[in-house]
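Participant: Dropping the sequence and predicted coords here.
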Amino acid sequence: MRWVTILLRPASKDWSCDGEPDHMTSAVTLRKSLNLAAMAFGLLALSSPARATEADALAISANIQALHNPYGTILDPIFTASNSTQIAGYTRCGDSAIWTGHYLAAEAFRYNVTQSADALSNVNKAIAGIKSLLDVTGTNLLARCLVPLNSPYAAGIQSEEAANGIYTNSSAGYFWVGNTSRDQYMGVIFGLGVAYDMVNDAGVQSSISEIAGRLVGFLTGHDWSVVMPDGSASTTFLIRPDEILTLLQVGRHVNPSQFSTTYDIQRILLAAAVLAPIAVDVASDDSYFKFNLDYISFYNLIRLESSSASSIYKAAYEVLRNDTAGHENAFFDIIDRGLNGANAARDAETAALLNEWLQRPTRDVSVNDQGVVPVCGSQACQPIPVALRPPDEFLWEESPFQLSGGGSGIIEGAGIDYILPYWMARYYGVVLPIAVQSAAAPNAAVTPASIAAIFGSNLATATEPANVQPPPQSLGGITLTVTDSSGTARVAPLMYVSPSQINFVVPEGTAAGTATFTITGGAAAITTTGPVQEVAPTLFSMSGDGKGVPAASAIQIQSANPQVQTSVPVFQCAASGCVAAPVSLTASASTYLVLFGTGIRNRSSLSNVTATIHGVSVPVLYAGPQPSFEGLDQVNLGLPLSLSGSGAGNIVLTVDGQTANVVTIDIQ
């Protein structure tokens, strides 16, 4: 065992708990079973396998094709247990049309950015799926979803969707779900409009033209009502002039001979009425999904309009945007980028929110943020951090103020709420293919004297770690220069270089704002940009991606004899990964949790650093540099006895109002 020094209350004015010089308290020497040097270097190694954002997007697309597209349109699998990969059924069939439209848009943007053959294949599959939703009804009515009659999951889906009406097309071998709503149509027309412009392929454009003709033609032929086989109308668009115009706008764009004249007439009749339903929508946040429908509608309505009506549409859109701009919604942000152009603050938020999305569980775990975030009445006072929001099939249609939700962790979301805004962000230049982020967890912002990572391809010609402190400014022939917003260039210390990733320390003194990162010494010079902030807290985890159990340690100090100190394991690891080790609290000893992270040391004051475990506030005794390793920060927490028996729960660290990635601990 090695004796190491952990600062609980460093003897300096800046770092003392009460804000005054602490001449009586010195560093407490703690006996630990874990070698601190090995842990610190291990933390840096842990960041090596952290995933680049494009890799996440590609993995999600592959998983959608493998698990979420069983019959040509988007469905979500139900697993036999929260820890099982065996599929027991499928769910959310009633919303298959809307999310297939969103998925089509995502893959269309991906194709435009990458020209990937796989993306083009997925575009064609989504188009074929949407076409099947028209074919199966026999009348060009859009079905919510369709399922083979001989599917082993047919009975479960029919039971779940019985209220919407189950219809059988025996000759085709499918049943389909009716009671089609406006949102299903709007999701599909959104995807068709995007794909027509993003995919320069004659076959794709021809198919979209034909499908849109049938889709919109059905509605115009039924006086804008959605008519079921028995003659009843499930809904009408007559109450939404904005959506009528969007449907016709896309229709005339992809099929001008069929819809141009109709659109011109309806524009004259309906343009002035576009604001009215938006004014109703923004009157409250109830039925929050309505805002998603509004955004996808305006995206095509405005961008495809060249007449003076554009100003009317934009005025209505601004009412929507003014009401929701502060909701920390990556999808709404990137649509605003498409309609209003670049905005540094909004675009930085978009990138940060996308990175936060990666901290979310993929399944419908139960979430209750009561006691975790400030509550005003029945909802959160401010938008809940993305990583803490309850699960939803498309996160951005859920209110950011919603405190609870989820299920038993057996339903997996498709991830379209990541790949759609991600590929849009790539298309609009908000997210770059060479990405800079914290080395601890996905966070697009970095800070002076923090450990950061650059992800990309062909960054270096070899893989080489720096096994020395302080790290060198050249490693494996690679040099990284950081030029800050003031124009000052500094060479960064390098911790790790490889063809796909470089870990480095952002130079001390780097000014806040957009910085330029220039890599030289590889096959060719590479330059990218990224935001620098004073504070951007992230915590290292044993998984290396900022999720799960933290790379941390715990110490118990006997109350009767402070010289008796015991190391308490916080995690246990096996070949399959690391899980939380139960930490037992006792009345005879004080227990301290030591977290390691980065982007924390520049906080304004210790009083502006807070932490909760299981929603219970715990004392923050220290938050600042770990003195032995450049860029590494340390946070020391006291674990009150009141947490005894609380079990597995989240650690939520907030620094100057910014919440770090959420990690977990198990307290017995």
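Facilitator: Great, that's in hand.
Participant: how about the helices in the stretch 201-350 of the chain?
Facilitator: 202-221, 241-254, 256-270, 275-281, 289-303, 309-324, 330-340, 344-357 (DSSP state H, counting those that start in this stretch).
Participant: List the buried residues for the fifth one?
Facilitator: In other words, helix 289-303. 289-303 (16 or more other C-beta atoms under 10 Å). The way it works is simple: take the backbone N, C-alpha and C, and place the C-beta from them, glycine included.
Participant: rank the helices of the stretch 201-350 of the chain by mean pLDDT and give me the bottom one.
Facilitator: Mean pLDDT per stretch puts helix 344-357 lowest among the helices of the stretch 201-350 of the chain, at a mean of 89.
Participant: which element follows that one toward the C-terminus?
Facilitator: strand 367-368 (DSSP states H and E).
Participant: So what touches that next one?
Facilitator: 388-391, 403-406 (C-beta atoms under 8 Å, 6 or more residues apart in numbering).
Participant: What ranges in the stretch 351-500 of the chain fall below the confidence cut-off?
Facilitator: Within the stretch 351-500 of the chain, no range satisfies pLDDT under 70.
Participant: which residues in it form helices?
Facilitator: 416-427.
Participant: Residue 356: what's it in contact with?
Facilitator: Here residue 356 is in contact with 385-387, 442-443, 661 (C-beta under 8 Å, 6+ apart).
Participant: which pair in those residues spans the largest distance?
Facilitator: 385 and 442 (12.8 Å; C-beta to C-beta).
Participant: what about the two, which has more around it?
Facilitator: Of the pair residue 385 and residue 442, residue 442 is the one with more neighbours under other C-beta atoms under 10 Å, namely 27 against 23.
Participant: you'd agree the more buried one is up against residue 359?
Facilitator: Yes. The pair residue 442 / residue 359 is scored as a contact, 6.8 Å apart, by C-beta atoms under 8 Å.
Participant: Quick check: neighbours shared by these two?
Facilitator: In contact with both residue 442 and residue 359: 546, 661, using C-beta under 8 Å, 6+ apart.
Participant: which non-adjacent residue is nearest residue 371?
Facilitator: Distance criterion C-beta to C-beta, 6 or more residues apart in numbering; nearest residue to residue 371, sequence neighbours excluded, is residue 615 at 3.1 Å.
Participant: cool, and residue 546?
Facilitator: residue 441 (2.4 Å).
Participant: Could you tell me how far the one you found is located from residue 599?
Facilitator: 10 Å (C-beta to C-beta, to the nearest Å).
Participant: hey, what's in contact with both of those two?
Facilitator: Common neighbours of residue 441 and residue 599, counting by C-beta under 8 Å, 6+ apart, are residue 538.
Participant: Pick out whichever of the buried residues of helix 289-303 sits closest to residue 381.
Facilitator: residue 291 (19.3 Å).
Participant: Contacts only, for that closest one.
Facilitator: 281, 320, 324, 332, 397.
Participant: and residue 562, how many neighbours?
Facilitator: 12.
Participant: Got the confidence number for it?
Facilitator: 91.
Participant: from here on, count from 46
Facilitator: Yes, from this point I'll number from 46; that puts the last item at residue 607.
Participant: Let's verify it: helix, strand, or coil?
Facilitator: Reduced to three states with DSSP: H, G, I helix; E, B strand; the rest coil, the structure at residue 607 is coil.
Participant: count of residues packed around the closest residue to residue 149 other than its chain neighbours?
Facilitator: Leaving aside its chain neighbours, residue 149 sits nearest to residue 236 (3.4 Å; criterion: C-beta to C-beta, 6+ apart). Neighbour count for residue 236, taken as other C-beta under 10 Å: 30.
Participant: next one: the one 3 residues further on
Facilitator: For residue 239, the neighbour count with other C-beta under 10 Å is 29.
Participant: contacting residues for it?
Facilitator: Per C-beta under 8 Å, 6+ apart, neighbours of residue 239: 149-150, 153-154, 344-345.
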